[in-house]
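Undergrad: need a 3D model of the following:
(one chain, ligands or ions: 1)
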Amino acid sequence: SPEDQNIPHIAKYFSTKGRYEEVNPYLIKNITAVNSSALQPPSPLCREIHLTAIIRHGTRYPTTKNVKKMQKLYELVQDRVSGTEEWLREILTQWTMWYTEDMDGRLVQKGVQDLKHLAVRLAKLFPSIISEEKLRGGLIKFITSSKHRCVNSTLSFQAGLAEMWAIKDVQFEYTVNDALMRFFDKCTKFIDEVDKNPLALVEMDKFIQGPEMKRVQEKIADRLNVPYPLITDDMVEAAFYLCAYEFAIKTVNSPWCRLFDEADAQVMEYKLDLKQFWKRAYGYDINSKSSCILFHDVFERLDKALNEHKSGQKVTEAVTVQVGHAETLLPLFTLLGFFKNAEPLTSSNFASQTRRSFRTSRMLPYAANFVLVLYDCGGGDFRLQPLVNEQPVIFPGLTERQDSMPLYEDVKRQYEELLKGCDFETVCELFEKNVEV
Ligand SMILES: O=P(O)(O)O[C@H]1[C@H](OP(=O)(O)O)[C@@H](OP(=O)(O)O)[C@H](O)[C@@H](O)[C@H]1OP(=O)(O)O
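TA: Below you'll find the model as predicted:
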């Protein structure tokens, strides 16, 4: 059981601060295990033509913003808390605040391992296309966000392949492309209407002020035996993140986790899902439309590979590995209609959302990944298989006619409107708005 493996009882509720292994627990015993049975193509005739993997960076340090909150909580506890419980004594006398502001979201050693192991697993799943031959032939391309955690994750993925094939003589390259991997920084309409709009996250703000979060704050204040006003929502979040980061970075079940019971963690997870739902996903149409540039880039690459294949040419880009952020993946998942919830997540429907499909703890752990594999199954039968975190997913709307590997043409028909439209410059209003003079 999780307790035996020293896993915090609340580890599956860590949202985008969660370990990849909690999404695929079979990896805890064997980090390079693969679930190939679930990925069988419809027939042994199928051959991979192209694979694109869009990957979130690996495990990282907290951002400066959150280190400051953790520091404030640590000082509050040191100054105001006393108690005899063993876990409290551990916080007061043994645990030291070791996070510093200059860590600012950098990749940690576990994050290097996350990407190395993901590279090995994907190569095991798709050996004919993620191969030493293709790598040496320059047919595997790497694109990354400029952020250090993404560049270092790209280097780690490459190192995973090099170590697996005992390669020492290949000069790996990558291209930094923030237009693709950090499109949210370039989409004026998103920046104006969501990112910089203080009212955009009103549902999260209302939930934070609501009864469920208030109860969590009171329970934590009671456990620390301090007055309720001291335990603000920021302090609760800092404690939750301390538990999450101690586990993700050091794989320890830290005493900070004892401040939460499972019900408290479910409230925290919902608050974080509200942030992502409204800032990056189904809350506002522009959130998903801001990923149009990445959406078109993916399908242009698939079409190019298919056309080269059909004309008997070598596929010049057999594999593309693109490393970005949780906020690179989530808008694209939303544009494709993945994890769409029956009801929007709001400040007032937490109780009815316990079985929601929009759950960032399952979608967006560190090293989360979206993989598209294009197959030639013979006789003009071309199929496209989507995977999220190494598990097959179904393109919405194609379920009734196909198994999880639909015909490529059916997928393109399903997304026809987006393929024809979804023009990044138009949806993001990059041109100057007509200013009334
Ligand atoms: O709450 P923090 O500061 O950690 O939020 C980060 C984002 O982390 P996430 O919310 O996704 O866990 C970080 O995304 P990442 O995928 O790069 O980790 C993002 O780059 C950073 O700007 C912060 O996002 P925010 O929405 O500006 O808080």
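Undergrad: got the residues of the chain near the ligand?
TA: By the rule Cβ under 6 Å from any ligand atom, the part of the chain lying against the ligand is 16-17, 56, 63, 65-66, 325-327. (Glycine included, C-beta is placed from N, CA and C.)
Undergrad: who does the biggest strand by length in the chain touch, helix- and strand-wise?
TA: Secondary structure of the chain per DSSP state E: the longest strand is strand 47-56. Strand 47-56 sits against helix 109-125, helix 292-310, strand 319-324, helix 326-336, strand 369-376, with contacts defined as 3 or more Cβ pairs under 8 Å, 6 or more residues apart in numbering; DSSP states H and E.
Undergrad: give me the number of residues near residue 82?
TA: 11 (other Cβ atoms under 10 Å).
Undergrad: residues contacting the residue in the stretch 151-300 of the chain positioned nearest to the ligand?
TA: Closest residue of the stretch 151-300 of the chain to the ligand, Cβ to the nearest ligand atom: residue 279 (6.1 Å). Residue 279 is in contact with 194-195, 200-201, 287, 327, counting by Cβ atoms under 8 Å, 6 or more residues apart in numbering.
Undergrad: roughly how far does it sit from residue 331?
TA: Distance, residue 279 to residue 331, by Cβ to Cβ, to the nearest Å: 10 Å.
Undergrad: where does pLDDT dip in the stretch 301-437 of the chain?
TA: Scanning the stretch 301-437 of the chain for pLDDT under 70 picks out 399-404, 432-437.
Undergrad: which residues in it form helices?
TA: Taking DSSP state H, counting those that start in this stretch as the criterion, the stretch 301-437 of the chain carries its helices at 326-336, 360-363, 408-414, 416-420, 424-427.
Undergrad: now, of these, which is deepest in the fold?
TA: The highest mean neighbour count among the helices of the stretch 301-437 of the chain, using mean count of other Cβ atoms under 10 Å, belongs to helix 326-336: a mean of 24.
Undergrad: what sits up against it?
TA: Contacting residues not belonging to helix 326-336 are listed as 16, 54, 56, 145, 181-184, 276, 279-282, 287-292, 294-295, 339-340, 360, 363-364, 368, 370, 386, 388, 395-396, 415, 418, 422 [Cβ under 8 Å, 6+ apart].
Undergrad: in stretch 120-135, what's buried?
TA: Neighbour-count burial for stretch 120-135, counted by 16 or more other Cβ atoms under 10 Å, picks out 120-123, 125-126, 129-132, 134-135.
Undergrad: which among the residues you listed gets closest to residue 300?
TA: residue 129 (18.7 Å; Cβ to Cβ).
Undergrad: which residues does the closest one contact?
TA: So residue 129 contacts 48-51, 318-319, 373 (Cβ under 8 Å, 6+ apart).
Undergrad: what of residue 429?
TA: So residue 429 contacts 188-189 (Cβ under 8 Å, 6+ apart).
Undergrad: now it: how far from residue 197?
TA: Taking Cβ to Cβ, one finds residue 429 at 14 Å from residue 197.
Undergrad: now swap in residue 237 and tell me
TA: 21 Å.
Undergrad: cool, and residue 278?
TA: Taking Cβ to Cβ, one finds residue 278 at 10 Å from residue 197.
Undergrad: picking that back up, in JSON lines, list the buried residues of stretch 120-135 along with distance to residue 110 and pLDDT.
TA: As requested, the buried residues of stretch 120-135 are exported to JSON lines (distance: Cβ to Cβ, whole Å; pLDDT from 0 to 100):
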{"residue": "120", "distance to residue 110": "16", "pLDDT": "98"}
{"residue": "121", "distance to residue 110": "16", "pLDDT": "98"}
{"residue": "122", "distance to residue 110": "19", "pLDDT": "98"}
{"residue": "123", "distance to residue 110": "20", "pLDDT": "98"}
{"residue": "125", "distance to residue 110": "22", "pLDDT": "95"}
{"residue": "126", "distance to residue 110": "25", "pLDDT": "95"}
{"residue": "129", "distance to residue 110": "28", "pLDDT": "97"}
{"residue": "130", "distance to residue 110": "23", "pLDDT": "98"}
{"residue": "131", "distance to residue 110": "27", "pLDDT": "97"}
{"residue": "132", "distance to residue 110": "27", "pLDDT": "97"}
{"residue": "134", "distance to residue 110": "28", "pLDDT": "96"}
{"residue": "135", "distance to residue 110": "25", "pLDDT": "95"}
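Undergrad: before I go, just wanted to say thanks for your time.
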